[in-house]
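K.L.:
sequence and predicted structure, then a few things I'm wondering about:
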Amino acid sequence: MSAQEQDKPLLSVRDMVQEFTVRYSGGTGLGRMPSTPGVKAGVVQAVSGVSFDIMPGETLGIVGETGSGKSTLARSVLQAPGPKSGSVIFRGAELTHLRGRKLLEARRHMQFVWQDPFSSLDPKWRVRSIIEEPLVAYHDGDRAARHKRVDELLELVGLAPERYAKRHPRELSGGQAQRVAIARAVALNPSLLICDEAVSSLDVLIQAQVLNLFERLRHELGLSYLFIAHDLALVKQVSDRVAVMYLGRFCETGPGESVYRKPLHPYTRALLDSIPSTEPGAARAAATLKGEPPSPINPPSGCRFRTRCPRATEVCAEQVPPPRELAPRHLVACHHPLSEPAPAATVSNEVTAPGTPVTPTQSARVISS
Amino acid sequence: MSDALLEVEDLRVAFAVGGRELRAVDGISYAVDPGRTLAIIGESGSGKTVGCRAIMGLLPVGTAIGGSARLRGTEMIGLSDAELRKHRGQDMAMIFQDPARSLNPTMRVGVQVTEAIQTHRKVSKKEAYAQAVELLRLVRIPAPERRFHEYPHQLSGGMRQRIMIAMALACRPKLLIADEATTALDVTTQAQIMELMLELQQELGMALILISHDLGLAASYADDVVVMYAGKIVEQAPAKRLFGTGGTVKMRYTRALLDAIPHLERPAHTALPVVSGRPPDPANLPPGCSFAPRCPSAADDCRVTRPALVEHAAGHRWACWHPCENGVSAS
């Protein structure tokens, strides 16, 4: 790859927004008037204005809790479905403008590995057909060439072709099935692999094997990754840069080492403190986050983390914090980042008071009433 | 040993699958004292769940269960269903990984908690309601009177797991078994639920068994640790002995589990130390040490003779011919 190409991002996402309409599914709202099924109940902005670049050969890790919008982000990049607004430029092409065959052609270089290999592999197909499918779909080589390629791919992911090519997914263990899914994903020599919780369902020893496989493929095939997981330690292990996502927005992005050593956002700090450590004593920071994320249907004004934040002040409710670069390539969207002393007058947050966590349905109730 | 709440001795569980005997649990022994936390750690299929289900009497009819499990001196193995029902809920309770699947989706959560109370105690409807609300408050559910009337789908995963804990605690059991109870939860929620369980343990003086694949969880929350592999205990020690700077992990399998956890201190893109292969087929175990085919320091004797679980130091047992020196792999 030339030096010029190295400087241009492989994937460039700007102000991406993804929305879903929530409709009533029927039933009663607790003795209130029954809501009519199908009537629009509200809009969930699952991803609200996210921008990032991935350089060739780079791995961007995204961490966040359930419902933070990290999977929606991945699917929006893949145009499955495309985002509501914003731009997704992949290898120089604006994907949101492409349709049909052109989109298929552009997407060939972007492949996906899902969380559960058993639901992403057709149970009736044999391993050989599963891995061959993308080659057939893109008319890549004749039958003999494809067979040879499948054997190569199986070797690449560490499965002996003679033993595994004829098996069905049910005859594989979780780790082996995920290897097959990875072989299928790299069959077309993609430049970007999107991994959505790709190792989360595996046992820790198998997980380490698959993580090492990802690392080897990065070297051997020059792959870039968009690596999504809820486990910060795992994401940091594989990523050059890490983005921390909360309720549809990035609250902190930066080099993994910097985000871990000097977290700037209170949410990142809380995530780090929640990880069970194998060093007793260092663990058990009892004052982790209270409460649960608010509903994305009705997110808090200003900073979305403010309802659970120990440092929240009035400005947090009024203004959305813009991302600021407080360390080299390390951006934080916070009015009171951890690099500054704690603000003197914090809002007495009803959430930080013990025993009264805000729960998602409290805000969802607004909709159902 | 007599003051232990639960004493498990030589517990064996075997399933008959296609005419073959499949030994899921093969002679495990441990004890849990009141108010203590024991973590049972192992990969999928190591027998950690099956062993506890055997104690609870939750295995299918026809499962061959041997050995002994005494809860407050009463033998649990071999009890009839009716007899077991007297102990389940009252003396021991279990919560599972997926609260969404454990709860009835068509019933209001409060009613499910009430049901748990009324199954075990003769109380009036009104009294059961009051107790259920009290339980919801006990597991720190905000506005319990209102939550009582909600359905499981209206609650988040963490809230659902709190409901499960409330149901398990309905009769103030002496022993709570949490089977991967926080695995499906976010890390921040996991920390909340673990804190809650430890607080409740202090309040109620319960013993807690944590079944997990996560050694980090064991290090952070357990007093004692049992590591299982292929149906057997391979290492057993107080958590303080195993983890931390002076940790003395002896069994290579435990070491491998510890090393394979992605660590924040580890620089990015470094290869994780792995052991190849996967756990053996329980119907076709190797003759020697079950871990030998995957063990980096397996020698000839490992493949021939199975090492016994022996107490080598105070409270620390391991089953290995070539244990790690000072907790670090020699090879």
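P.N.:
Happy to help now that I have it.
K.L.:
contacts, neighbours, all on C-alpha from now
P.N.:
Fine.
K.L.:
what about A:Phe227, how many residues close to it?
P.N.:
25 (other Cα atoms under 10 Å in any protein chain shown).
K.L.:
check which residues of the helix or strand where it lies are buried.
P.N.:
Per DSSP states H and E, A:Phe227 falls inside strand A:224-229. For strand A:224-229, the neighbour count (16 or more other Cα atoms under 10 Å in any protein chain shown) marks A:224-229 as buried.
K.L.:
sheet-wise, list the partners of that strand with their directions.
P.N.:
If you go by DSSP bridges, strand A:224-229 pairs up with strand A:59-63 (parallel), strand A:192-196 (parallel).
K.L.:
in the first one, what counts as buried?
P.N.:
Right, the one you point to is strand A:59-63. Across strand A:59-63, burial judged by 16+ other Cα under 10 Å covers A:59-63.
K.L.:
turn the strands paired with strand A:224-229 into CSV, including mean pLDDT.
P.N.:
Shown next, in CSV, are those (pLDDT from 0 to 100):
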stretch, mean pLDDT
strand A:59-63, 96
strand A:192-196, 95
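K.L.:
make JSON lines out of those and add distance to B:Ser212.
P.N.:
JSON lines is the format used below for the strands paired with strand A:224-229 (distance: least, Cα to Cα, whole Å):
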{"stretch": "strand A:59-63", "distance to B:Ser212": "23"}
{"stretch": "strand A:192-196", "distance to B:Ser212": "23"}
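K.L.:
show me where the chain has helices.
P.N.:
By default, I'm working from chain A. A:3-7, A:70-77, A:100-107, A:117-120, A:127-137, A:143-156, A:161-164, A:174-186, A:204-221, A:232-238, A:256-261, A:266-274, A:314-318, A:360-368 (DSSP state H).
K.L.:
the intended chain is chain B.
P.N.:
B:48-56, B:81-87, B:99-102, B:109-120, B:125-138, B:144-147, B:157-168, B:187-204, B:215-221, B:239-242, B:252-260, B:300-304.
K.L.:
please see if the first one touches chain A.
P.N.:
No - applying Cα under 8 Å from any Cα of the partner chain, one finds that helix B:48-56 is not in contact with chain A, the shortest distance being 13.7 Å.
K.L.:
what sits against residue 99?
P.N.:
Since no chain was named, I'll use chain A. If you count contacts by Cα atoms under 8 Å, 6 or more residues apart in numbering or on different chains, A:Arg99 has none.
K.L.:
to clarify, I was referring to chain B.
P.N.:
B:157, B:160-161, B:164.
K.L.:
if we go to 10 Å?
P.N.:
By Cα atoms under 10 Å, 6 or more residues apart in numbering or on different chains, the residues touching B:Pro99 are B:152, B:156-165, B:181-182, B:184.
K.L.:
which of the residues you listed come close to chain A?
P.N.:
Counting by Cα under 10 Å from any Cα of the partner chain, B:156-159, B:184 from the contacts of B:Pro99 sit close to chain A.
K.L.:
what is the most centrally placed residue in chain B paired to in the beta sheet?
P.N.:
The residue lying closest to the centre of chain B (Cα atoms, centre = their mean) is B:Ile211, at 2.0 Å. In this entry, B:Ile211 is beta-bridged to B:Ile40, B:Asp179, by DSSP bridges.
K.L.:
distance of it relative to chain A?
P.N.:
14 Å (Cα to the nearest Cα, to the nearest Å).
K.L.:
these two touch, right, that residue and B:Glu180?
P.N.:
Yes - B:Ile211 is within contact range of B:Glu180, at 5.5 Å (criterion: Cα atoms under 10 Å).
K.L.:
so what's the residue nearest to the centre of chain B up against?
P.N.:
Residues in contact with B:Ile211, defined by Cα under 10 Å, 6+ apart, are B:38-42, B:48-49, B:52, B:96-97, B:177-182, B:217-218, B:226.
K.L.:
just the buried subset of these, please.
P.N.:
Neighbour-count burial (16+ other Cα under 10 Å) applied to the contacts of B:Ile211 gives B:38-42, B:48-49, B:52, B:96-97, B:177-182, B:217-218, B:226.
K.L.:
can you count the residues close to B:Thr245?
P.N.:
Using other Cα under 10 Å, B:Thr245 has 12 neighbouring residues.
K.L.:
where's it relative to B:Val226, distance?
P.N.:
Computed as Cα to Cα, to the nearest Å, the B:Thr245 to B:Val226 distance reads 20 Å.
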